[in-house]
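1. here is a sequence together with a model predicted from it:
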Amino acid sequence: MDIKREDILHLASLSNFNLTNTEIESLGRDLQGIIKYISQLDELDTDGVEPTYQAFEMENVWREDEILEQEASREDLLALTKNEKDNQIKVPKVL
Amino acid sequence: MKTANKKVTAERLVRDALEKAKHFSDYNIFTFINEEGAILRAREIDAKIANGEKVGRLAGVPYALKDNFLSPDGETTASAHILGGFTSPVTATAVEKLEAEGAIMIGRTNLDAFAHGSSTENSYYGPTLNAFDRKRVAGGSSGGSAVAVALDIVEFTTGTDTGGSIRQPASFNGIYGFKPTYGTISRYGVVAMASSLDCIGFFTKTPEDMDLLMEITAGRDPKDLTTLPDYYNSIDRDSLGAACPSDTLRAALAKSSCSAEHIAPSESHRIGIIKDFDNESVDKEIRDALLKKCEMLKEKGCEIVELEMLSLKYALPAYYIIQPAEVASNLSRYDGVRYGFRSEKSADLDSLYNNTRNEGFMPENKRRIMIGNFVLSSGFYDAYFLKAAKARTLIIREYEKAFSKCDFILTPVSPSPAFRLGEKVNDPVAMYLEDVMSVSLNLAGIPGLTIPAGKTTEGLPIGLQLVGPRRSDKNLIKFSKELI
């Protein structure tokens, strides 16, 4: 398939990237090449084959719903941002 | 491994390692040197030794962490700009286990940002140079960890392997590198790349050291529910079942191919070689090195079995669908809000996300995230992601069939020895082809050990990969001694 400029812009928006024009061009070329390469999977006959999403076929592994001791405190976690105010993390306006 | 004692103190071992790290600084191996912390820690261990207290199996042994392992010692950056300034409040389970045995972290090693790459050239901090030829790549993504051991700076280093990131750099630098069975070592506190493929492992100079590190770090961790019960230190299958807390997990294990005979030591030693890998796209000197080892094994009484594994041809395209899909999901958490780098030029929240991610990720990170979103998007999901997940089933079956005919498989690690810096960095598909012989193991969840196998006429190391069935890790490491 052909990757067009609008496809790259759509993928950039799904990925939350504010790409520059140079990047739109270079990623367009790169993604075209990669998609061509991975498309050779078409040749493989997978009719009637079940998919594997996890090599050990594990499903959900449950534990008791109880509060465990936390390694990192609220203060530790808030200390990771330079934008803390009154125990909250500041961000630019949303609307 | 040289551990500290009354004569050779931990402080001496640590200072020697720090000295060597400085001496080789132009190889760009480290993203952080833990000088002060390491010396303090060494003195604590020396005090214990002086008092006759019990010390661990790695007492005073200097080591380095691939910079995607979380610990409060130094920033954990995954060699990515977007994690710049991030010092972790938590410690990875693997790091806790190593340090509980007395190992001392002297530094953090360079990698391709977020472990995306096969050369360490995608690091925000620049490439690491090959230990044998400074014009060539270290391999990757765990390039810094491989070179730190190859140049004898430390006794061992940690690595992560999602598609070959331990085995290939080990091969390029002439040392041992092990990717265990999926789920053997806890991934808690390690920067996630592709969660169904990611494995923790090590670089060492000997198989004995590898075995010791596996004994120390293997086992179930309540903080990582994909970890398996500790089969590595126990070959008793019943106790495996009993140690397993969840019915679902127990059923999954019973259903999976890790049967008792794969855990019991093998006596017959039938070694498989994959016919499909013996072709002209593989460097002749590497093929010769493989043949030479096969001859050696025959002389020791092993039987060589030729295997035809047709679906392996599709392992690489399947991997470059599944892995980016999981990458796109795991890397969506980096938004500049809670930790790491934040782009300051944003007027609203959306542009904060978009600018931070665009400035903070390397080009290869962006390619993978976008390919991941492509293969998962509606309209393409069935043709790419679902198709790749089905190919994965076929690859698992192919290995199960192969291991009914042989005990281990011996293959090259990569088609060529270390390539030149800059040779492939602008050609993503050429770089992906580096992983053609390593990724199928991650898709199948099986272990692989890189073994040094001589050098090319140019003096570059050649590595071979010893592959075993699920949970054959201990026997595989033991058997690798036959290949020395």
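-> Alright, I've got the coordinates.

2. ok, B:Pro169 to chain A distance?
-> To chain A, B:Pro169 is 23 Å away according to C-beta to the nearest C-beta, to the nearest Å. Quick note: C-beta positions are derived from backbone N, CA and C, even for glycine.

3. wasn't that residue part of a helix?
-> Yes - assigned with DSSP: H, G, I helix; E, B strand; the rest coil, B:Pro169 falls within a helix.

4. that one contacts B:Val149, correct?
-> No - if you go by C-beta atoms under 8 Å, B:Pro169 and B:Val149 don't touch, sitting 9.8 Å apart.

5. in space, what's closest to the residue sitting nearest the centre point of chain A - neighbours in sequence excluded?
-> Ranked by distance to the mean C-alpha position of chain A (C-alpha atoms, centre = their mean), the top residue is A:Ser15 at 7.0 Å. Distance criterion C-beta to C-beta, 6 or more residues apart in numbering or on different chains; nearest residue to A:Ser15, sequence neighbours excluded, is B:Ile369 at 4.7 Å.

6. now do the residue nearest to B:Ala100 when sequence neighbours are not counted against B:Glu11, distance only.
-> Distances taken as C-beta to C-beta, 6+ apart place B:Gly56 nearest to B:Ala100, at 6.3 Å, with adjacent residues excluded. From B:Gly56 across to B:Glu11, the span is 16 Å (C-beta to C-beta, to the nearest Å).

7. now swap in B:Pro447 and tell me
-> As judged by C-beta to C-beta, B:Pro447 and B:Glu11 stand 36 Å apart.

8. these two - which one has more neighbours?
-> The residue with more neighbours, out of B:Pro447 and B:Glu11, is B:Pro447; 28 against 19, by other C-beta atoms under 10 Å in any protein chain shown.

9. what does the pLDDT read for that one?
-> pLDDT, B:Pro447: 98.

10. isn't it up against B:Phe479?
-> No - in this structure, B:Pro447 is not within contact of B:Phe479 by C-beta under 8 Å, at 11.5 Å.

11. before we move on, the earlier item: common neighbours of B:Pro169 and B:Val149, please.
-> The overlap between the contact sets of B:Pro169 and B:Val149 (C-beta atoms under 8 Å, 6 or more residues apart in numbering or on different chains) consists of B:Phe203.

12. looking at these two, which is more packed in?
-> Between B:Pro169 and B:Val149, counting by other C-beta under 10 Å, B:Pro169 is the more crowded of the two (39 against 29).

13. what's around the residue lying closest to B:Gly177 once chain neighbours are set aside, how many residues?
-> Closest residue in space to B:Gly177, ignoring its immediate chain neighbours: B:Ala170 at 2.5 Å, by C-beta to C-beta, 6+ apart. Using other C-beta under 10 Å, B:Ala170 is surrounded by 35 other residues.

14. what does the one 4 residues further on give?
-> The local packing count at B:Gly174 equals 24, with neighbours defined by other C-beta under 10 Å.

15. tell me the SS of it?
-> coil.

16. does it really touch B:Gly463, like I thought?
-> Yes - assessed by C-beta under 8 Å, B:Gly174 is found in contact with B:Gly463 at 7.3 Å.

17. what's near enough to touch the closest residue to chain B within chain A?
-> Proximity of chain A to chain B (C-beta to the nearest C-beta) peaks at A:Ala55, 2.9 Å away. Going by C-beta under 8 Å, 6+ apart, A:Ala55 touches B:182, B:196, B:392, B:396, B:443-445.

18. before we move on, what about B:Leu151?
-> With contacts defined as C-beta under 8 Å, 6+ apart, the neighbours of B:Leu151 are B:20, B:24, B:27, B:29, B:131.

19. the closest residue to chain A within chain B - nearest residue in space that isn't next to it in sequence?
-> The minimum distance from chain B to chain A, using C-beta to the nearest C-beta, falls at B:Gly445 (2.9 Å). Of all residues not flanking B:Gly445 in the chain, A:Ala55 sits nearest, at 2.9 Å (C-beta to C-beta, 6+ apart).

20. just name whatever secondary elements the longest helix belonging to chain A is in contact with.
-> Longest helix of chain A, by residue count under DSSP state H: helix A:21-38. Here helix A:21-38 touches helix A:5-15, helix B:315-330, helix B:363-376, helix B:428-433, going by 3 or more C-beta pairs under 8 Å, 6 or more residues apart in numbering or on different chains; DSSP states H and E.

21. which parts of the stretch 51-200 of chain B sit against chain A?
-> Within the stretch 51-200 of chain B, the residues that sit near chain A (C-beta under 8 Å from any C-beta of the partner chain) are B:86-87, B:89-91, B:182-183, B:196.

22. just the residues you listed: which are in helices?
-> Among these, DSSP H puts none in helices.

23. now the strand or helix carrying A:Leu77: buried residues?
-> Assigned by DSSP states H and E, A:Leu77 falls within helix A:74-78. Judged by neighbour count using 16 or more other C-beta atoms under 10 Å in any protein chain shown, the buried positions of helix A:74-78 are A:Leu77.

24. what's the first helix or strand after it?
-> Downstream of helix A:74-78, the next assigned helix or strand under DSSP H and E is strand A:84-85.

25. strands paired with that next one, and their directions?
-> strand A:88-89 (antiparallel) (DSSP bridges).

26. nearest spatial neighbour of B:Asp198, skipping sequence neighbours?
-> B:Thr162 is the one closest to B:Asp198 (C-beta to C-beta, 6+ apart), at 5.1 Å.

27. where does the one you found land on pLDDT?
-> Looking at B:Thr162, its pLDDT stands at 98.

28. now name the helix or strand holding the closest residue to B:Gly219 other than its chain neighbours.
-> In space, and not counting its chain neighbours, B:Gly219 is closest to B:Asp230: 3.6 Å by C-beta to C-beta, 6+ apart. Following DSSP H and E, one finds B:Asp230 outside all helices and strands.

29. pretty sure B:Asp230 contacts B:Asp221?
-> No - at 10.0 Å, B:Asp230 does not count as touching B:Asp221 under the criterion of C-beta under 8 Å.

30. between those two, which one's more packed in?
-> Shown here are B:Asp230 and B:Asp221; by other C-beta under 10 Å, B:Asp221 has more neighbours (20 against 15).

31. quick one: classify residue 41 as helix, strand or coil.
-> Using chain A. Classified using three-state DSSP, A:Leu41 is helix.

32. hm, I was asking about chain B
-> Reduced to three states by three-state DSSP, B:Arg41 is helix.

33. list the contacts for it?
-> B:Arg41 makes contact with B:10, B:14, B:104 under the criterion C-beta under 8 Å, 6+ apart.

34. could you redo the last one with a cut-off of 7 Å?
-> B:Arg41 sits next to B:Ile104 when contact means C-beta atoms under 7 Å, 6 or more residues apart in numbering or on different chains.

35. where do the strands of the stretch 351-484 of chain B begin and end?
-> Shown for the stretch 351-484 of chain B, the strands assigned by DSSP state E, counting those that start in this stretch span residues B:408-412, B:448-455, B:461-467.

36. want to try a markdown table for those strands, with mean neighbour count and distance to A:Val91 as columns?
-> A markdown table is the format used below for the strands of the stretch 351-484 of chain B (neighbours: other C-beta atoms under 10 Å in any protein chain shown; distance: least, C-beta to C-beta, whole Å):
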| stretch | mean neighbour count | distance to A:Val91 |
| --- | --- | --- |
| strand B:408-412 | 25 | 50 |
| strand B:448-455 | 24 | 44 |
| strand B:461-467 | 26 | 47 |
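
37. of all those, which one is nearest B:Lys292?
-> Among those, the nearest to B:Lys292 by C-beta to C-beta is strand B:448-455 (7.6 Å).
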